[in-house]
Each structure stands twice: as structure tokens, then as C-alpha cells.
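**Q** I'll drop the sequence and a predicted model, then ask my questions.
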Amino acid sequence: MTEKRYKDYASELKKIFDGRVQKVSINAGFSCPNRDGKIGVGGCTYCNNQSFTPDYCKSHKTITQQIDEGVLFFDHKYKNQKYIAYFQSFTNTYGRFEDLISVYEEALGHNKVSGIVIGTRPDCVNDELLDYLAEKSKNKYVMLEYGVESTCDDTLQLINRGHSFQVAIDAIKATAQRGIFVGAHLILGLPCEDRPQLLDHAEKLSQLPINCLKLHQLQIIKGTKMAKQFAENPEWFHLFSSEEYIDLVVDFLERLNPEIAVERFVSQSPKELILAPDWGLKNYEFAVKIEKRLAQRNTWQGRLLVTT
């Protein structure tokens, strides 16, 4: 095989936009329903929002200011690239409908922005919002990126997600039925999940109308409830070495629907926040290792997918 052995999201975006596309992260100042008491308190056990929020992305700045600063940050690297506004921090469909529309419209109205990606929870969308986004998607790129995290309900309860996998299934299907792009986020290595369960995630997600998937290895982040659990119950966790994780991801890809594009394989939290594991690898470096291991094993995305 001479072509890439897995479907790469960046390449898919290039096809859609006929050129390079860069995401600019936005913090719109929203919260989460399992932080403010509506569903729960304390948030997801693994979550420290600082671990994935860029420095230019602060909620006291307007949406336009954050986009301007993000564009300035990336523009010197690549000229004439297109930009997608990425509502990343917390739950970006959790708020009054009018407030949500206001921030989306501000982002879509920016002259450098060609679309939006909205990170959210599957229990925080409704028909009114989906219908609005479906209308916007007729002229702009729109993706809803759902934090699925696990397909095991016991795990979702353990990490305090506050919803079941069925809720994610329903949200994904409702979004796709309206012609909106669907992204999903999955963490590999959550406490008490064994290897067969991790590989089963791939088979379950393969049955859903997902356009893009983000994989993250579990990282124990300082200041989280999971950091406390890790200290008290280390037997709940298996923290992969980078080599172990490479083989796991290749096994996972073999079982993943080849129509699902993969955006990333690893998370890149700030070094000062990581308790374990700290591999010191960026996603693009890890992607090269994945491609090499796929070639070594003469395998590819979807090779072992069982279709029904």
C-alpha cells in the first residue's frame, strides 16, 4: 500500500476546503451541567480545563479578540490558510439559546472564519439548536464534537460523566440526520477498562454516523479527582508506555470503520500539569509512529471490522 493506512482528518479537511485549514480555539465562558449542580458537581474526574486551553484563549476576551489573536499566532506559519473557530473549553451548547446563537454568529461573522466546531456533551443538545446548526451548515462548515469518552456505562458513571452511552448514540444520530458533521472524542485507558473493552469501543463507534474521531491516552492531571483516585487506588489504572499505546491504537484502528477520519491519537497537556504518563510526544510525532507500525504489521484501518 502506498497511500496512508488510516483516514486522516486533516487530509479530509483539505479536500473540503481545497487547502490547509487551522482550528483556532475559543473559550466562550460556558460551564458544564455536572459542575454547576444541574446533573452533578465537581465535573468529570479526569478534567482540568487548563490542560487543553491555549494561552490566547481566555473567556474575558471577546470571541472576535480570541479569533484575531489565534489567527495572528498561526498566520506566520502558513499564509492563505483557512480558519475554523473551535469552541473548545467546557460545554459549548450549555446555555440560553439566545446566548449560544450570539457567540456562534460572532464567530461565523469573522472574515477569516470558514466554519465552526463546537465541543459539547451529548446530553446538552436539543432539536431547536440542532435545527439552527443544520441551517448554518448549508453555507458554512459546522461540526458538533461530542465527548463520548467511553462506550461502557459503568465507566461513564465512575468518571462522573452524568450520561449513558445511549445518550451519545441518540445525539450523534440526531446530528447526522440533519446533515451536520459529527465528531467524537474517546479516552483510551480509563480506570477499570481492560483491553477487550477498549477494542470494543472501536466496534461500537463504527456503527454510528461519525465523521471524525479524536483518541486520547489517559493522562493523570494534577488537581483532578482522578489524581486523588490514582494515589489511593493505583490498581484501577493501567498507564500505557508509548510502545504499548502504539500497538493498542493499531489494534483499535483495525476495528474502526474506515469511513471515520481520525484527527488525533494523543493528548498534549502542559508538562507542568501531568502526573503520568509523560511521553514527551506531540500528536504529529505519534502519527508518524502509528503509520510506521501499521506498515510493519501490513495492516490498515478497518481491516478487522466486522460488518453486520
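**A** Nice, thanks for sending it over.
**Q** surely residue 279 and residue 244 touch.
**A** No - the pair residue 279 and residue 244 fails to qualify as a contact (Cβ atoms under 8 Å) at a distance of 10.8 Å. Every C-beta, even on glycine, is put in place using the N, C-alpha and C of the backbone.
**Q** the stretch 101-250 of the chain: helices as residue ranges?
**A** Assigned by DSSP state H, counting those that start in this stretch, the stretch 101-250 of the chain shows helices spanning 127-136, 153-158, 165-177, 195-205, 225-232, 242-254.
**Q** could I get those as TSV with distance to residue 297?
**A** Listed next are those as TSV, based on distance: least, Cβ to Cβ, whole Å:
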stretch	distance to residue 297
helix 127-136	40
helix 153-158	28
helix 165-177	30
helix 195-205	15
helix 225-232	32
helix 242-254	6
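**Q** which one of those helices lies closest to residue 42?
**A** helix 225-232 (6.2 Å; Cβ to Cβ).
**Q** who touches that closest one?
**A** Contacts to helix 225-232, defined as Cβ atoms under 8 Å, 6 or more residues apart in numbering, come from residues 42, 45-46, 159-160, 191, 220-221, 236-237, 275-276.
**Q** and of these, the nearest to residue 62?
**A** Closest to residue 62, out of all of the contacts of helix 225-232 and judged by Cβ to Cβ, is residue 221, at 28.4 Å.
**Q** tell me who's in contact with the closest one.
**A** 46-48, 51, 227, 269, 273-275.
**Q** again, 7 Å this time
**A** 46, 48, 51, 227, 269, 273-275 (Cβ atoms under 7 Å, 6 or more residues apart in numbering).
**Q** can you list which of the residues you listed are found in helices?
**A** The helices, defined by DSSP state H, take in residue 227 from the contacts of residue 221.
**Q** same list (the contacts of residue 221) but as a markdown table, adding distance to residue 303 and neighbour count.
**A** Below are these laid out as a markdown table (distance: Cβ to Cβ, whole Å; neighbours: other Cβ atoms under 10 Å):
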| residue | distance to residue 303 | neighbour count |
| --- | --- | --- |
| 46 | 31 | 24 |
| 48 | 36 | 20 |
| 51 | 33 | 19 |
| 227 | 37 | 18 |
| 269 | 31 | 19 |
| 273 | 36 | 17 |
| 274 | 33 | 18 |
| 275 | 35 | 17 |
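**Q** inside strands: which ones of the contacts of residue 221?
**A** 274-275 (DSSP state E).
**Q** cool, thanks, talk later.
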